[in-house]
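In: here is my input, please return the structure:
(2 chains)
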Number of protein chains: 2
Amino acid sequence: MNYYSKHITNLIDELKRLPGIGGKSAQRLAFHIINMPEEHVEHLADTLVTARKNIRYCKICCTLTDEEVCPICSSDRRDHSTIMVVEQTKDLAAYEKTGQYYGVYHVLQGSLVPSLGKGPDDIRFRELEERVQKGDIKEVILATNSSLDGEATAMYITKKLKPYGLKLSRIASGVPIGGELEYIDEVTLSRALDGRIEL
Amino acid sequence: MNYYSKHITNLIDELKRLPGIGGKSAQRLAFHIINMPEEHVEHLADTLVTARKNIRYCKICCTLTDEEVCPICSSDRRDHSTIMVVEQTKDLAAYEKTGQYYGVYHVLQGSLVPSLGKGPDDIRFRELEERVQKGDIKEVILATNSSLDGEATAMYITKKLKPYGLKLSRIASGVPIGGELEYIDEVTLSRALDGRIEL
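Out: Prediction:
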């Protein structure tokens, strides 16, 4: 049933298809957009299309970027012999925010999802293996998520890259800083125990 | 600091300006859009611009609509002598969903906000008064929100329309259906008491 006119209904329907936008949010956004100055709406629309058209995968690390080679891969201030493997571009951004990592990245654009039959050909693993085969890589740090799928992906990559004889590491699992033990799940707690560091 | 390329950053920034979209949501939406098929993004962008360009105020009731006169105002199946006054087009939609109202509407496109100096000239009140002056109106039902501003608006309209000698009414305030008394605020409870109906 349509209580709104055709254009409002179309707009609400389109917005509802976006992730995390329910009926009420779509309605609120639609009325906001209708009340925006026309040139702002055109600018927003243009930004969507321009972003979609111009963003591509970095030909080295497969992150989403505007150039053929992303700024990190083309920087001479980064250590190109250390590769951190992450699932998504936003994970790369999360590590960049720490300001503590000076190597380069490899973005898998996903993870293995054994439960859905998503295998190595569905992620950017082949590109990673090619980078390792070319040599000059000293360490590969596996920073996939600590989820079931992320762990499966880390295990798979470890198995495949082991023969190349480089250093392979996995980021630590444990209790997050500021986390109160009573609210932390058992798996994390036992991981934190296993990974304890001698003082 | 930009951890993303220019186009991704632009997209995230634009999305963050929308109401209810924070940094994390904007990032999630941006990556969703980048991964959508190009023609879907173009369609979304086009829907935004088309909606903004083609939606106008109904020349009778001031609701947002595609036509000069909205479907409700131009329908001969509605009772044009009863006007329900609401603040926003979405309030009209809420009453239409009940399927229990057969009159027409008047959408103020806002309410008086005495605290911000928003007065009668900032809402579509003049248009309502003109409709009443033209005659043939038997009843005006005030369905502005039960907020401070909504109440102030209802009081103002009552004062202004009283001289025309038509029936003026206000929708009932009280405990919402399914509401548990212990969780309902005192003002609502005393309103519900004042408005009690003899059985």
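In: what about the strands in chain A?
Out: A:56-57, A:64-65, A:79-86, A:103-107, A:139-142, A:167-170 (DSSP state E).
In: can you redo those strands as JSON lines with mean pLDDT and distance to chain B?
Out: Glycine gets a C-beta too; all of them are placed from N, C-alpha and C. Formatted as JSON lines, the strands of chain A follow (pLDDT from 0 to 100; distance: least, Cβ to the nearest Cβ, whole Å):
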{"stretch": "strand A:56-57", "mean pLDDT": "92", "distance to chain B": "10"}
{"stretch": "strand A:64-65", "mean pLDDT": "92", "distance to chain B": "4"}
{"stretch": "strand A:79-86", "mean pLDDT": "94", "distance to chain B": "12"}
{"stretch": "strand A:103-107", "mean pLDDT": "95", "distance to chain B": "11"}
{"stretch": "strand A:139-142", "mean pLDDT": "92", "distance to chain B": "18"}
{"stretch": "strand A:167-170", "mean pLDDT": "90", "distance to chain B": "22"}
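In: quick one: which of those strands is nearest residue B:159?
Out: strand A:64-65 (59.0 Å; Cβ to Cβ).
In: reformat the strands of chain A as a markdown table; add mean neighbour count and distance to residue B:173.
Out: Converted to a markdown table, these look like this (neighbours: other Cβ atoms under 10 Å in any protein chain shown; distance: least, Cβ to Cβ, whole Å):
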| stretch | mean neighbour count | distance to residue B:173 |
| --- | --- | --- |
| strand A:56-57 | 17 | 57 |
| strand A:64-65 | 26 | 52 |
| strand A:79-86 | 19 | 54 |
| strand A:103-107 | 24 | 55 |
| strand A:139-142 | 20 | 60 |
| strand A:167-170 | 14 | 60 |
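In: out of those, nearest to residue B:90?
Out: Closest to residue B:90 of these, according to Cβ to Cβ: strand A:64-65, at 35.9 Å.
In: quick one: distance of the closest one to the chain centre.
Out: Offset of strand A:64-65 from its chain centre (Cα atoms, centre = their mean, to the nearest Å): 11 Å.
In: which residues are contacting that strand?
Out: With Cβ atoms under 8 Å, 6 or more residues apart in numbering or on different chains as the test, strand A:64-65 has contacts from A:55-58, A:71, A:89, A:107, B:4-5, B:8, B:31, B:34.
In: can you pick the most crowded of those residues?
Out: Within those, neighbour counts (other Cβ atoms under 10 Å in any protein chain shown) peak at residue A:89, which reaches 28 neighbours.
In: pretty sure it contacts residue A:61?
Out: No - here residue A:89 lies out of contact with residue A:61, judged by Cβ atoms under 8 Å, at a distance of 9.7 Å.
In: now do the helices in chain A.
Out: Listed in chain order, the helices of chain A (DSSP state H) span A:6-16, A:23-34, A:38-54, A:89-98, A:125-133, A:148-161, A:186-194.
In: what's in contact with the last one?
Out: For helix A:186-194, the surrounding residues in contact (Cβ under 8 Å, 6+ apart) are A:146, A:173-175, A:181.
In: rerun at 7 Å
Out: Applying Cβ atoms under 7 Å, 6 or more residues apart in numbering or on different chains, the contact partners of helix A:186-194 are A:173-175, A:181.
In: separate out the buried members of these.
Out: residue A:174 (16 or more other Cβ atoms under 10 Å in any protein chain shown).
In: so which residue is dead centre in chain A?
Out: residue A:88 (1.6 Å; Cα atoms, centre = their mean).
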